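*Asks:* model the following, please.
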Amino acid sequence: MHGTGAEMIPEVSAAASFVCRLLRSRGRLSDAQLHLFRDYLAHALSEHYQHHWFPDRPQKGSGYRCIRINHEMDPLIGRAAGHIGLTSGQLFSLLPRELTLWVDPYEVSYRIGEDGSICVLYEAEPPSSSHAPSAYDHTANCKSRFMMSGRTSPPKNYLMMVSS
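*Replies:* Have a look, this model is predicted:
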């Protein structure tokens, strides 16, 4: 069963708000620009995930829903930034060089840097009636593969202060 836009509102909102807070932390954008960016990104994410949202199997499609900045800007973030008049160069100067944001049913988490810790932004309990255990639940998604991969270097500590 594919999710509807209404089902993913908390997760999409958490992801868009987080990216918006990262932009706000540099202090170069107006509140109006940030509000437009957040709304545009949330709408773009909802449309992008429309046929890749599986509340009954949250890990399915995790790689598709992963937002990534690593030498290249994630296209959805790039389009939202273009919508408020930010150039690619400006956007790269305002966001971390490396950012991974996982937007899955019932959980949104992120990692800054390749060796950064994974932090949870949003977490909810799946309804017991819609999340029956399945064989798919035991397969690794994008985030869990990273966590199980075993690192060759110790994680770097990142401090992220977020204010509303």
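
*Asks:* which SS class is residue 69?
*Replies:* strand (DSSP: H, G, I helix; E, B strand; the rest coil).

*Asks:* for residue 121, see how far away the nearest residue to residue 65 once chain neighbours are set aside is.
*Replies:* Setting aside the residues directly before and after it, residue 65 is nearest to residue 103 in space (Cβ to Cβ, 6 or more residues apart in numbering), at 4.8 Å. Every C-beta, even on glycine, is put in place using the N, C-alpha and C of the backbone. From residue 103 over to residue 121 the distance is 9 Å, taken as Cβ to Cβ, to the nearest Å.

*Asks:* pull up the overlap in contacts between those two.
*Replies:* 14-15 (Cβ atoms under 8 Å, 6 or more residues apart in numbering).

*Asks:* mind checking which of these two has more residues around it?
*Replies:* More neighbours surround residue 103 than the other of residue 103 and residue 121, with 27 against 18 (other Cβ atoms under 10 Å).

*Asks:* helices or strands up against the helix or strand hosting that one?
*Replies:* Assignment of secondary structure by DSSP states H and E places residue 103 within strand 98-104. Using 3 or more Cβ pairs under 8 Å, 6 or more residues apart in numbering; DSSP states H and E, the elements in contact with strand 98-104 are helix 9-24, helix 62-65, strand 67-70, strand 107-112, helix 142-148.

*Asks:* do that again at 7 Å, thanks
*Replies:* In terms of contacts (3 or more Cβ pairs under 7 Å, 6 or more residues apart in numbering; DSSP states H and E), strand 98-104 is packed against helix 9-24, helix 62-65, strand 67-70, strand 107-112.

*Asks:* nearest to residue 93, out of the ones you listed?
*Replies:* helix 9-24 (10.6 Å; Cβ to Cβ).

*Asks:* which residues touch that closest one?
*Replies:* Applying Cβ atoms under 7 Å, 6 or more residues apart in numbering, the contact partners of helix 9-24 are 29, 34, 37-38, 41-42, 45-46, 67, 77, 94-95, 101, 103, 105, 108, 110, 121-122, 124, 162.
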